[in-house]
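Undergrad: Got a predicted structure plus its sequence, pasted below:
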Amino acid sequence: MVPNLPFVIIPCFNEEKRLNTNEFIQLAKTERVNLIFVDDGSSDGTLKRLEIIQEASCLVAIEKMGSNVGKGEAVRRGLNIAVSCGAQIVGYFDADLATPISELIRLINEIEGDSSLHGVFGSRVSRLGAQIERHPVRHYVGRIFSTLAGLILGFAIHNVVRKCFEFLKLSVKLSLAPFNLLGCLMSCYWIGLLIIRIQP
């Protein structure tokens, strides 16, 4: 792990059939980011697929959870590891690549290029020309959570495709308490990509 590179946490649960190892190997070989895969108690061959990715680069780490504890806790665990490694920029990314890696790199470039930004995120929103398929229950539960998050953070999230914003001035001295809120928010399905700057 290289502390001055961004850390990207990728929670995985039974992703054996969806995990695109080649895409993640290509990302790892760019030496652009540290990747922390958190296997959230998978019962399939996810761990073996992750180990193939890890062999490609020393910038890939795997955290194996003993049992399934949920996406929010898996992300929090990865964030703890990143911070203990000295991370200055940390991000969260879905393992299924519903958001392309090119978008991850684009947003990392954006936050690195503007020191006034504390965070950037991407979300999928239905609009003319977009083809987004969701189960209706997932859609409406996501809308409820995005509305609650918008009320907490003070702006509407559900109507934004991508927004760069003053997110949180985080302090490592707070024992990562803010990440408990982030873990809860990130477990909602409306955020597929989130990158934040940690301020000492």
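TA: In hand now; what should we look at?

Undergrad: Might you list the low-confidence residue ranges for this protein?
TA: Applying pLDDT under 70 to the chain flags residues 121-135, 138-139, 141-143, 145-146, 149-195, 198-200.

Undergrad: As a check, name the ranges of all strands in it.
TA: 7-12, 34-39, 60-64, 89-93, 119-122, 162-165, 193-197 (DSSP state E).

Undergrad: can I get those in CSV with mean neighbour count and distance to I105?
TA: C-beta coordinates here come from the backbone N, C-alpha and C atoms, glycine included. Putting the strands of the chain into CSV (neighbours: other C-beta atoms under 10 Å; distance: least, C-beta to C-beta, whole Å) gives the following:
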stretch, mean neighbour count, distance to I105
strand 7-12, 27, 10
strand 34-39, 26, 13
strand 60-64, 18, 16
strand 89-93, 25, 11
strand 119-122, 22, 12
strand 162-165, 15, 14
strand 193-197, 24, 11
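
Undergrad: In a markdown table: those, plus distance to V137.
TA: Formatted as a markdown table, these follow (distance: least, C-beta to C-beta, whole Å):
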| stretch | distance to V137 |
| --- | --- |
| strand 7-12 | 21 |
| strand 34-39 | 26 |
| strand 60-64 | 30 |
| strand 89-93 | 23 |
| strand 119-122 | 23 |
| strand 162-165 | 25 |
| strand 193-197 | 23 |
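
Undergrad: out of these, nearest to I25?
TA: Evaluated over these, closeness to I25 peaks at strand 60-64, with 8.9 Å, by C-beta to C-beta.

Undergrad: Pull the residues that contact the closest one.
TA: Here strand 60-64 makes contact (C-beta atoms under 8 Å, 6 or more residues apart in numbering) with 1, 24, 28, 34-39, 47, 50-51, 53-54, 77-78, 81.

Undergrad: What strands line up against that strand, and which way round?
TA: Each strand paired with strand 60-64, and its direction, by DSSP bridges: strand 34-39 (parallel).

Undergrad: Output the partner strand as CSV, nothing but the C-alphas.
TA: The C-alpha trace of strand 34-39 is given here as CSV (Å, rounded to 0.1, in the frame of the first residue of the first chain):
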residue,chain,number,x,y,z
ASN,A,34,-4.6,1.2,-3.7
LEU,A,35,-7.5,-1.4,-3.8
ILE,A,36,-8.9,-2.9,-0.6
PHE,A,37,-11.3,-5.7,-1.4
VAL,A,38,-13.5,-6.7,1.7
ASP,A,39,-14.9,-10.2,1.2
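
Undergrad: Run through who's touching that strand.
TA: Contact with strand 34-39 is made by 1-2, 5-13, 24, 27-28, 46-47, 50, 53-54, 57, 59-65, 74-75, 77-78, 81-82, 85, 87, 95, as judged by C-beta under 8 Å, 6+ apart.

Undergrad: which stretch among the strands of the chain comes nearest G70?
TA: strand 7-12 (8.9 Å).

Undergrad: which strands and helices sit next to the closest one?
TA: Where contact means 3 or more C-beta pairs under 8 Å, 6 or more residues apart in numbering; DSSP states H and E, strand 7-12 is packed against strand 34-39, helix 71-84, strand 89-93.
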